[in-house]
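**Q** 3D, please:
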Amino acid sequence: MPEHDPTAYGDKVANRYDSLYGDSAETRAAVDRLAALAGDGPVLELGIGTGRLAIPLMERGLEVHGIEASQEMVRALAQNAGAAEIPVWLGDFVSTTTEHRYPLAVLAFNTIFAPASQQEQVRCFANVAAHLKPGGRFVVEAYVLTAGDLAPGWHMRPRTVQDDAVELQIGSYDGAEQRMSRVLVHLSDGGVNVHAATDRYASPGELDLMAELAGLRREARWAGWSGETFTAASDRHVSVYERP
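**A** As a prediction, the model looks like this:
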């Protein structure tokens, strides 16, 4: 597996990201939830990518700003209709600043795991907190490792299942380093796409502590964007942290 590089994933999948993860029921649910939390905006999306969430939010009348580590993702975003109205800062989530304050910031689709160490993830929370207005919210979407994921060796499970496409995750977890190595295999009538990702995993409880260190408090946690109840069996979470 490749060394951890927060730009590698975006650089590799940018030219096909929209076809893999574009408009879907999950994306629409995420946009609905974020629009409800955003008030009058503006919204800061860290890992804005090709605009999967940002462009639909903008179409609802919200101003959206973005931070993105991958230059290739920024190029792909620029090719989408309406993207010219979205200011994007190129850089990591740990230290990049926009000099604006927001009622809502979002880090979706497991991107909280892009910073390579616990210390950098802590600094990411602090950076986001500094961008929030009082009462502002930080929304994090991330996977939760299951007992099967934690067992030694490689394990396969469905990641997304749609009528016309399936994505499988083949992963191996290094508990000593909290490092998850994943190979994502996307199958559709358009063919097969394969790409690798390496994450620095943090449990929901660890993320809660990072938020507390940044002066944020957890307001809500769901098992998905539609507000599903989060349980011990949930394999992902959508967590909302508020700045008092």
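
**Q** all helices in the protein, in order from the N-terminus.
**A** Taking DSSP state H to define them, one finds helices in the chain at 8-13, 17-21, 25-38, 54-59, 71-78, 118-131, 147-150, 204-213.

**Q** Centroid-nearest residue for the chain?
**A** A108 (2.3 Å; Cα atoms, centre = their mean).

**Q** Next, count neighbours for the residue lying closest to it once chain neighbours are set aside.
**A** Of all residues not flanking A108 in the chain, E141 sits nearest, at 4.4 Å (Cβ to Cβ, 6 or more residues apart in numbering). C-beta: built from backbone N, CA, C; applies to glycine. Neighbour count for E141, taken as other Cβ atoms under 10 Å: 22.

**Q** quick one: stretch 136-155 to chain centroid distance?
**A** Offset of stretch 136-155 from its chain centre (Cα atoms, centre = their mean, to the nearest Å): 12 Å.

**Q** what about it, average pLDDT?
**A** Mean per-residue pLDDT for stretch 136-155: 93.

**Q** And the longest strand seen in the chain, what's buried?
**A** What stands out as the longest strand in the chain, according to DSSP state E, is strand 132-143. Neighbour counts over strand 132-143 (16 or more other Cβ atoms under 10 Å) mark L132, G136, R137, F138, V139, V140, E141, A142, Y143 as buried.

**Q** how does this structure divide into domains?
**A** By the assignment in automatic domain parsing, the chain contains the domains 8-144+202-242, 147-195.

**Q** which residues sit in contact with S203?
**A** Residues in contact with S203, defined by Cβ atoms under 8 Å, 6 or more residues apart in numbering, are V144, L145.

**Q** ok, now how distant is it from Y173?
**A** Distance check for S203 against Y173: by Cβ to Cβ, to the nearest Å, it reads 12 Å.

**Q** Tell me the residues that contact both of these two, please.
**A** Residues touching both S203 and Y173 (Cβ under 8 Å, 6+ apart) are L145.
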